[in-house]
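1. coords please:
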Amino acid sequence: ALAGAAAAAGAEVLADEERRHRIEWPCPAGMWEGMTRSGPWHAQRVRRGDAFVDGLRDDFLAPYAPQEPLAHNPAARLLV
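-> Have a look, this model is predicted:
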């Protein structure tokens, strides 16, 4: 819808595609720290405070083996 609206307004849409990339973490705790200290989950620290976010840590880590690498493949939309 966004690309169509841009084109309808006279813009030339050069690209409209999904981009994925793999992010690998040395362990689940490393992912947690990275995501909550300097990644997209940091907003929760700002909004709800360290105590709240740190209280979620054990539940997040519970399903993972502590020293196993962890990877995920986030996606973003590229619209030029």
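
2. so Glu18, which state does it fall into?
-> Here Glu18 is strand, with the state taken from DSSP: H, G, I helix; E, B strand; the rest coil.

3. what about it, how many residues nearby?
-> Neighbours of Glu18 under the rule other CB atoms under 10 Å: 8. C-beta here means a position set from N, CA and C on the backbone, and glycine is covered the same way.

4. so what's it closest to, chain neighbours aside?
-> Nearest residue to Glu18, sequence neighbours excluded (CB to CB, 6 or more residues apart in numbering): Ala75, at 5.3 Å.

5. bridging residues for that neighbour?
-> Using DSSP bridges, the bridge partners assigned to Ala75 are Arg20.

6. so who does it touch?
-> By CB atoms under 8 Å, 6 or more residues apart in numbering, the residues touching Ala75 are Glu18, Arg19, Arg20.

7. before we move on, what about Arg37?
-> Arg45.

8. how far out from the middle of the chain is the longest helix seen in the chain?
-> Ranked by number of residues, the top helix in the chain under DSSP state H is helix 50-61. Distance of helix 50-61 from the chain centroid (CA atoms, centre = their mean, to the nearest Å) equals 17 Å.

9. give the buried residues for that helix.
-> Across helix 50-61, burial judged by 16 or more other CB atoms under 10 Å covers Val53, Phe60, Leu61.
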